[in-house]
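Visitor: Make a model of this:
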Amino acid sequence: MSYPFLKGHGTENDFVVLPDPDGTVHGDLSVERVRALCDRRAGLGADGVLRAVRQDGGWFMDYRNSDGSVSEMCGNGVRVFARYLHDHQGEPFPMRIGTRDGVKVLDRAGDELTADMGTPEVLGETKVSVDGRSWAAQHVSMGNPHAVAFVDDLADAGHLLEAPEHDPEVYPHGVNVEFVVRRGEHHVAMRVHERGAGETRSCGTGACAVAVATALADGAPRGTAYRVDVPGGTLHVTWTEDDRVLMTGPAVLVAEGETDL
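Guide: Sure, this is the predicted structure:
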C-alpha cells in the first residue's frame, strides 16, 4: 500500500508528516512502520513521525519518536505540524492543535511560528552523569520530562550516543537531557539527548525547559525573552507573567511524495 507523506523540520529537528484525516490509513501506527520511516539509510530519515488525524472537529498530532515509542509532546514538531495544516489543509492562524499534553495554540511570528507551550512544572533538582562525570540538573516538565544541566563546555557532554545516566525513580520512563552553556545576557546554547531519538539537532520542549531553568537561575523577571541556540539554529523562548511558555522558531516543509514503507 502506498500512502502520502511530507518531510519537514524545525531548527533541523526533522519529521515525517503522515496525513491521515479519518484514521484509516495508519490506524494504530506500528513501531515497525515508524522505525522504517525514520531510518536514515533505508527510510526517509527523521527524528520522529507526526500523524495528522482529525479529532473532535479539529486536528490531533499523534507523535512518535524515531524508535517507535509514543511521546507526550514535541515543540519543534508542533510548529511543523501547524505549517502542514496551514499550507496543505487551509487551517488559519491562530490555530489550536490537540496533543497528548493538551491543546496547543500556534500563531504566526513573521516568517516563523510561535507556540504556546503551556505552564511549566519545576520539580526540583536531580543529577545526570556522562562518562563518570556528574552535574546537578533542574527537573522541568513541559508535558514531557527534562533534566537541564549547566556545564562549562558543550563538549563536556561527550558523544551522547547513549542516554546520560539519570535517577530511574525520578524518571521512570526516561528523560530528555539538556546540557547548557551561557553565551551572554539572556542567551544560552544547548545540546540535547532525547529519549527515544538520541542526540538531535534541536528540541523545542527542551529549549523551553532550558529557558525556564535559566530564568530561575538568573532570578529573571517573568516576561524576559531568552535566546536558545541549538545545533540546528535558534529558538526564542519567553516565560510570561501569566505562567505560559511561548516558543518562537522556524517550521519548514522540504518535500512531499508517496511511500510504501
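Visitor: any chance you could map the strands in the stretch 51-200 of the chain?
Guide: When assigned using DSSP state E, counting those that start in this stretch, the strands of the stretch 51-200 of the chain occupy the ranges 58-65, 95-99, 102-109, 112-116, 121-130, 133-141, 145-150, 165-166, 176-184, 187-194, 198-200.
Visitor: Out of those strands, which is the most enclosed?
Guide: Mean neighbour count (mean count of other Cβ atoms under 10 Å) peaks for strand 145-150 among these, with a mean of 26. (Glycine included, C-beta is placed from N, CA and C.)
Visitor: That one pairs with which strands, and in what direction?
Guide: strand 133-141 (antiparallel), strand 176-184 (parallel) (DSSP bridges).
Visitor: who does the closest residue in space to residue 157 that isn't next to it in sequence bridge with?
Guide: Nearest non-adjacent residue to residue 157, counting by Cβ to Cβ, 6 or more residues apart in numbering: residue 179, 4.2 Å away. Beta bridges link residue 179 to residue 149, residue 191, judged by DSSP bridges.
Visitor: Tell me how far residue 179 lies from residue 159.
Guide: To residue 159, residue 179 is 12 Å away according to Cβ to Cβ, to the nearest Å.
Visitor: JSON lines for the strands of the stretch 51-200 of the chain, including mean pLDDT and distance to residue 86?
Guide: Shown next, in JSON lines, are those (pLDDT from 0 to 100; distance: least, Cβ to Cβ, whole Å):
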{"stretch": "strand 58-65", "mean pLDDT": "96", "distance to residue 86": "11"}
{"stretch": "strand 95-99", "mean pLDDT": "98", "distance to residue 86": "7"}
{"stretch": "strand 102-109", "mean pLDDT": "97", "distance to residue 86": "9"}
{"stretch": "strand 112-116", "mean pLDDT": "98", "distance to residue 86": "9"}
{"stretch": "strand 121-130", "mean pLDDT": "97", "distance to residue 86": "30"}
{"stretch": "strand 133-141", "mean pLDDT": "98", "distance to residue 86": "28"}
{"stretch": "strand 145-150", "mean pLDDT": "98", "distance to residue 86": "28"}
{"stretch": "strand 165-166", "mean pLDDT": "97", "distance to residue 86": "37"}
{"stretch": "strand 176-184", "mean pLDDT": "98", "distance to residue 86": "27"}
{"stretch": "strand 187-194", "mean pLDDT": "98", "distance to residue 86": "26"}
{"stretch": "strand 198-200", "mean pLDDT": "96", "distance to residue 86": "24"}
